[in-house]
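Undergrad: What shape does this take:
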Amino acid sequence: MQNYPELIEQTMIEIETWRLEIQDLRRAAAEIKESKRITILNARNDAGKALYSNDQARDAQLVADLASDEMYQGIISQLDNKEYRKVVSEARLERLRGEFKLYLLDRQQEVAIVLSQSNII
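TA: Okay, here's the model as predicted:
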């Protein structure tokens, strides 16, 4: 028998670790995005007029800036990886919980059989 309670606990800790790391990466990505957004909003031409005069132009420039930012792309890549690993850990947790329930049911049946046989004698 595997030590299900311990494996379940370890997996829950692993999931929480992924959640915290994902939270940190999202915060870092949001900071970069907001910094770029502010830069775009403050961008002016030689005449002092806004370079990006409407939301569509600003959004397009933001997408282009983020796509070319290696640090942002690295964070997004790490985020995707950690989110995937968290999902895998969550699936493992559900499997372990199911296996543990089945193990407990099997043990209960074994005990019931032993008790019923001992009452026969």
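Undergrad: Could you use CA atoms for every contact and neighbour count after this?
TA: Fine.
Undergrad: By residue count, which helix of the chain is the longest?
TA: helix 70-120 (DSSP state H).
Undergrad: Show me what that one is packed against.
TA: helix 4-42, helix 55-68 (3 or more CA pairs under 8 Å, 6 or more residues apart in numbering; DSSP states H and E).
Undergrad: Stretch 97-107: which residues count as buried?
TA: Neighbour-count burial for stretch 97-107, counted by 16 or more other CA atoms under 10 Å, picks out 97, 100.
Undergrad: what's in contact with that stretch?
TA: 4, 8 (CA atoms under 8 Å, 6 or more residues apart in numbering).
Undergrad: Deepest in the core, which of the helices and strands packed on helix 70-120 is it.
TA: Greatest average neighbour count among these goes to helix 4-42 (a mean of 15), per mean count of other CA atoms under 10 Å.
Undergrad: how far away is residue 34 from residue 72?
TA: 12 Å (CA to CA, to the nearest Å).
Undergrad: what comes into contact with stretch 36-49?
TA: 50, 51, 52, 58, 61, 62, 65, 66.
Undergrad: pLDDT below threshold where in the chain?
TA: Flagging of the chain using pLDDT under 70 yields the residue ranges 1, 120-121.
Undergrad: in it, which residue is closest to the centre?
TA: Taking CA atoms, centre = their mean as the criterion, residue 83 is the residue nearest the geometric centre of the chain, at 3.3 Å.
Undergrad: need the contact list for it.
TA: Neighbours of residue 83 in contact, by CA under 8 Å, 6+ apart: 18, 22.
Undergrad: again with residue 29
TA: Going by CA under 8 Å, 6+ apart, residue 29 touches 72, 75, 76.
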